[in-house]
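Asks: okay, sequence plus prediction incoming.
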Amino acid sequence: MRTLTALIVVVLLVPGAWAAPAASRGEVLYRQGLLPTGEPLRGTREADVNVEGAAAACVSCHRRSGLGSQEGRYIIPPIIGRYLFRPGLRNIEDMNVPHVEGYRPNRSAYTDETLARAIRDGIDADGRELNYLMPRFKLDDAAMKDLIAYLRQLTSQPVPGVTEDTLHFATIITPDTDPAKRQAMLSVLEQFFADKNSFIRGGHRTMHASREIMYRVTRQWKLHVWELNGPPETWEQQLHERLTAEPVFAVISGLGGKTWAPVHRFCEHEGVPCLLPNIDLPVVAENDFYPVYFSKGILLEAQLISRQIREMESRPRKVTQIFRRGDIGEDAAAAVRSSLLPEGMQVQDIALPESGLPQMVGSVLKDNSAGSVVVLWLRPGDLAALPEALPQVPSVFISGLMGGLEHSPVPTSWREAAHMSYPFDLPDQRRIRMNFPSIWFKVHNIPVVDERMQSDTYLACGILAETLAEMLDSFVRDYLVERVEIMLSHRVITGYYPRLGLAPGQRFASKGGYMVKLAGKEGNRLVADSNWIVP
Amino acid sequence: MRPIRTMLGIALAFGMAGAPAAYAGDEMHMGMNMDMSHMDMSGGAGTGPHAHHHHMEQQKVTRMTADYSVPQIRLVRDDNRTVSLPDEMNDGRPVILNFIYTACTAVCPVTSRTFEQLQDMLGNDRDKVHMISITIDPEQDTPERLSAYARKYDAKSQWRFYTGSSEAILAAQRAFDVYHGDKMNHAPVTLLRAAPGQSWLRIDGFASADELLGEYRKLVHAP
């Protein structure tokens, strides 16, 4: 009896405790298009343009947040309870929910019955027919109940990191990063946040109705710097503890070294958007929702180099790769290997010890490279110690990201011979776009220690600011990612990248690169060795 | 300049024409996105949110005849071959063409399914037609991705998919006047042409496979 009482008390204390299973069945229906029976959801349209399963799932148009979207001339309304079940307004200025693109405030409130009619028969709360794009779904009463229960609670929980007057963000720094780079990144982030906050005039409350749009207060931005320590296995737990102690709305930028995977997992598990960190080895998992990267980094270089080797006029029989054990080149080499082995090429990987004399690269090369294409996944220290004479091999490829891009210190004879992967726009072509960050750094007296990294940091902040400005007061983590997806390709100021773009299921904003060669005997001039390649 | 445009749309929808200036200022100080070309100051028939207040009405399909001059654009077909777009269109068969992208979730599944139905309805006449779907997300839609998409819609040999460089894809969209500044902004358009040198029939909106078949038959049987 005591147990029973305890149970009843628990149920009473936890509102919605009974609804949880229904909500999760609703979630499967909403996100995966699967009915509680396990059968695919089926939607019909006129002229038999039907959808089924994942393609029929609500999420594909109304998005994960449920706040809807817009595609071309078609608006896709928000379908979370807060919008569906609120009565229509006579005076639109009295709207007291944040405006989202697809919301029509003059529509009457739905009831469970009229909502079921809308989903089954395409008739809205006022008896009007819904747009052709919205399929009509055959759902039995139980499945309908699950779905409506899910919609009622979707995107209705309080959002961590958002208070009446402040938006909290974090940036994450792993312990294996260069302190100078860390400082360089933080100087950009801190300045951007200070700039953002200096434009805020105090004294206004947050927006309660649309009529306040002109007077809307922008919230302060607060940056939390989460510096990790210890081995990577402990990072996820550390991050979890930081998030509990300092709830943030999103993670912006950041700096990583050899692995970012624990951070990626944290973002995805906790449902925190992690936007555009400074890392060269991201996690390739584009079905994950929350982590968003500038590019595939070193893995993009691996794709570019593999493609060049596959397309060489006389196909090499053998490819030799040299990298340092434990550095990101190891992952890139593995990617090249798995791309070339099925082509019938012999791939020889030489892992140098984690640390060791740079001069050893020369002797390793001499002993192993005969008749082989050579790929070097090496840092500037090793490149500078290469022997002056170029080895007699069909072709040499160098990672630009690891070697230092146009500053790669290869010996003179290598400069015009080695092919370098360059996953950015060419210096001459990005000059005008780079004026924006460069002048901003100058105006704020920010020393440029690592131009690309600092420009990317500035870009990440700008993308965040622009996206938030468009979201008005709809601070929802999922919606932030959805809006970044939509906003990104509109940007003209894209720093090192010729263009950026995302879409549902796309998490790498820049998708290609050049092959280049260093020009002349010295300096940092490049010549393009290819057009922009999207491997 | 999407933020400003959207703000403007919201402000116009709310009858508050004074608001955008304040937001324009707020955006500008970020100094990040200075492209004014997408800005829709009319607040009327453009692509801003204000233009969508009829979305509950039945789908309207409009048809018009147009002459497009298609420049020599190199595209990459779903079989990885580099081809010239004019040559592909001038292979002697009537052309039915649209623009899609594989990550598109609302509009393209409908237009691609419609092409699939049209392909079935054509029956034995299928191979007399050349159906062309050009991606507007070229850097994502590799030939491999397009082939997988083609399989999803059971595309037969007369229905081919094309990608290319960003520049080439932009030129193709401009040539057919379907470029709206961004892939997310694209609208359903089907273009039909009976033979090289003839005019194009342009159909805006979600035409059904029946309607497309009717238009196609009229077009190829026209004297």
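Replies: Perfect, thanks for sending it.

Asks: residue ranges with poor pLDDT in the stretch 1-150 of chain A?
Replies: Along the stretch 1-150 of chain A, the model assigns pLDDT under 70 to residues A:1-23, A:90-96.

Asks: those strands in it, which residues are they?
Replies: A:42-44, A:51-52, A:69-71, A:74-76, A:136-137 (DSSP state E, counting those that start in this stretch).

Asks: now the ones you listed as CSV including distance to A:Y290 and mean neighbour count?
Replies: Every C-beta, even on glycine, is put in place using the N, C-alpha and C of the backbone. Shown next, in CSV, are the strands of the stretch 1-150 of chain A (distance: least, Cβ to Cβ, whole Å; neighbours: other Cβ atoms under 10 Å in any protein chain shown):
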stretch, distance to A:Y290, mean neighbour count
strand A:42-44, 28, 18
strand A:51-52, 26, 18
strand A:69-71, 18, 22
strand A:74-76, 21, 22
strand A:136-137, 28, 20
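
Asks: of all the ones you listed, which one is nearest A:L401?
Replies: strand A:69-71 (34.2 Å; Cβ to Cβ).

Asks: domain assignment for the chain?
Replies: Just so you know, I chose chain A. Segmentation of chain A into domains, based on automatic domain parsing, reads A:2-153, A:166-294+A:433-491, A:299-422+A:515-528.

Asks: sorry, should have said chain B
Replies: B:2-52, B:62-221.

Asks: confidence-wise, which of these is weakest overall?
Replies: Of all those, the segment with the smallest mean pLDDT is domain B:2-52, scoring a mean of 32.

Asks: the strands of the stretch 1-150 of chain A: which one's closest to A:G257?
Replies: The nearest among the strands of the stretch 1-150 of chain A, by Cβ to Cβ, is strand A:69-71 at 36.4 Å.

Asks: contacting residues for residue 62?
Replies: Picked chain A for this. A:G68, A:S69, A:I76, A:P77, A:P78, A:I79 (Cβ atoms under 8 Å, 6 or more residues apart in numbering or on different chains).

Asks: oops, wrong one, chain B.
Replies: B:I203, B:D204, B:G205.

Asks: same list, the contacts of A:H62, but only the ones touching chain B.
Replies: A:S69, A:I76 (Cβ under 8 Å from any Cβ of the partner chain).

Asks: what are the ranges of the strands in chain B?
Replies: Secondary structure of chain B (DSSP state E): strands at B:62-66, B:74-77, B:82-84, B:95-100, B:130-135, B:159-163, B:189-193, B:200-204.

Asks: skipping adjacent residues, who's closest to A:Q183 in space?
Replies: A:V449 (7.5 Å; Cβ to Cβ, 6 or more residues apart in numbering or on different chains).

Asks: in the stretch 301-450 of chain A, what residue comes closest to chain B?
Replies: Among all residues of the stretch 301-450 of chain A, A:F436 sits closest to chain B, at 6.1 Å; criterion: Cβ to the nearest Cβ.

Asks: check which helices and strands the helix or strand hosting that residue sits against.
Replies: Following DSSP states H and E, one finds A:F436 within helix A:427-443. Where contact means 3 or more Cβ pairs under 8 Å, 6 or more residues apart in numbering or on different chains; DSSP states H and E, helix A:427-443 is packed against helix A:451-470.

Asks: quick check: angle from the helix it packs on to helix A:427-443?
Replies: Angle, helix A:451-470 to helix A:427-443, by axes from the mean of the first three to the mean of the last three Cα atoms, to 10 degrees: 70 degrees.

Asks: could you check how many residues crowd around the residue in the stretch 101-250 of chain A that chain B sits nearest to?
Replies: The minimum distance from the stretch 101-250 of chain A to chain B, using Cβ to the nearest Cβ, falls at A:Y132 (4.0 Å). Applying other Cβ atoms under 10 Å in any protein chain shown, we find 21 residues neighbouring A:Y132.

Asks: contacting residues around the residue most central in space within chain A?
Replies: Nearest to the mean C-alpha position of chain A, by Cα atoms, centre = their mean, lies A:V292 at 0.6 Å. By Cβ under 8 Å, 6+ apart, the contact list for A:V292 reads A:P273, A:C274, A:L275, A:L276, A:V481, A:V484, A:L502, A:R507, A:A509.

Asks: what's the closest non-adjacent residue to the first one?
Replies: Read it as A:P273. A:A250 (4.3 Å).

Asks: picking up where we left off before, with distance to B:S165 as extra columns, can I get the strands of the stretch 1-150 of chain A in a markdown table?
Replies: What follows is the strands of the stretch 1-150 of chain A, written out as a markdown table (distance: least, Cβ to Cβ, whole Å):
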| stretch | distance to B:S165 |
| --- | --- |
| strand A:42-44 | 36 |
| strand A:51-52 | 32 |
| strand A:69-71 | 24 |
| strand A:74-76 | 28 |
| strand A:136-137 | 41 |
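
Asks: closest to A:A302 out of the ones you listed?
Replies: Judging the strands of the stretch 1-150 of chain A by Cβ to Cβ, what sits closest to A:A302 is strand A:69-71, at 33.9 Å.

Asks: and that closest one, how far from the chain's centre?
Replies: 20 Å (Cα atoms, centre = their mean, to the nearest Å).

Asks: do stretch B:81-101 as well
Replies: The answer for stretch B:81-101 is 14 Å, by Cα atoms, centre = their mean.

Asks: try stretch B:216-223
Replies: 23 Å.

Asks: touching chain A at all, that stretch?
Replies: No: residues of stretch B:216-223 contacting chain A under Cβ under 8 Å from any Cβ: none, with a closest distance of 15.6 Å.

Asks: and that stretch, what's buried?
Replies: By neighbour count, with 16 or more other Cβ atoms under 10 Å in any protein chain shown as the criterion, the buried positions of stretch B:216-223 are B:Y216, B:L219, B:V220.

Asks: now do stretch B:161-175
Replies: B:F161, B:Y162, B:T163, B:G164, B:S165, B:S166, B:A168, B:I169, B:A171, B:A172, B:Q173, B:A175.

Asks: also near chain A: which of these, exactly?
Replies: Among these, chain A is touched by B:S165, B:S166 when using Cβ under 8 Å from any Cβ.

Asks: can I get the buried residues of stretch B:161-175 in a markdown table with distance to B:D67?
Replies: Shown next, in a markdown table, are the buried residues of stretch B:161-175 (distance: Cβ to Cβ, whole Å):
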| residue | distance to B:D67 |
| --- | --- |
| B:F161 | 25 |
| B:Y162 | 22 |
| B:T163 | 26 |
| B:G164 | 23 |
| B:S165 | 26 |
| B:S166 | 26 |
| B:A168 | 21 |
| B:I169 | 21 |
| B:A171 | 17 |
| B:A172 | 16 |
| B:Q173 | 17 |
| B:A175 | 11 |
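
Asks: picking up where we left off before, average pLDDT for the helix holding A:F436?
Replies: Mean predicted confidence for helix A:427-443 is 94.

Asks: and if you look at stretch A:367-386?
Replies: Mean predicted lDDT for stretch A:367-386 stands at 93.
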